[in-house]
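**Q** Here is my input, please return the structure:
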Amino acid sequence: MNTNKSVMMHSALLVALSLAGAQTAAAEPKMPELPNGWEACGGVAKAGMNDCAVKTSLHSCVGMAKKDNEPDSYVFMPKGLCTKIARGTVLSITKDDLAKMKDMMKKM
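**A** Numbering: from 1, shown residues only. The predicted structure is shown next:
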């Protein structure tokens, strides 16, 4: 009787994990919004911690930076802060640019 309970518990757990994995795989990558008074700061994001990347980057967006301080991967920071950080470069990313990237990602 304990064996049947154990098999049922394992089966239920596998089903739950499978459903969670399917939802994660089907989820669209989220594009960040550019907050008012903030700017895109390139060259300062840790690997996997970037908000997005410029169009010429080797990856598409959120959390895909492969190594620390990639110059084309950026994080949003309050205006004026980026240039105070070593390797920080203000990238000219606009809300229109983000909207275009969001449309491109939907088509992928």
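
**Q** Secondary structure class of Asp97, three-state.
**A** Put simply, Asp97 is helix when judged by DSSP: H, G, I helix; E, B strand; the rest coil.

**Q** State the helix or strand in which the closest residue to Leu81 other than its chain neighbours lies.
**A** Ranked by C-beta to C-beta, 6 or more residues apart in numbering and with sequence neighbours excluded, the top spatial neighbour of Leu81 is Cys41, at 7.3 Å. Heads up, the C-betas are built off the backbone N, CA and C, glycines and all. Cys41 belongs to strand 38-42 when assigned by DSSP states H and E.

**Q** Follow the chain on from that strand and name the next helix or strand.
**A** strand 52-53.

**Q** partners of that next one in the sheet?
**A** Strand 52-53 pairs in its sheet with strand 73-78 (antiparallel), by DSSP bridges.

**Q** Would you mark the buried spots in the strand it pairs with?
**A** For strand 73-78, a neighbour-count test (16 or more other C-beta atoms under 10 Å) marks Ser73, Tyr74, Val75, Phe76, Met77 as buried.
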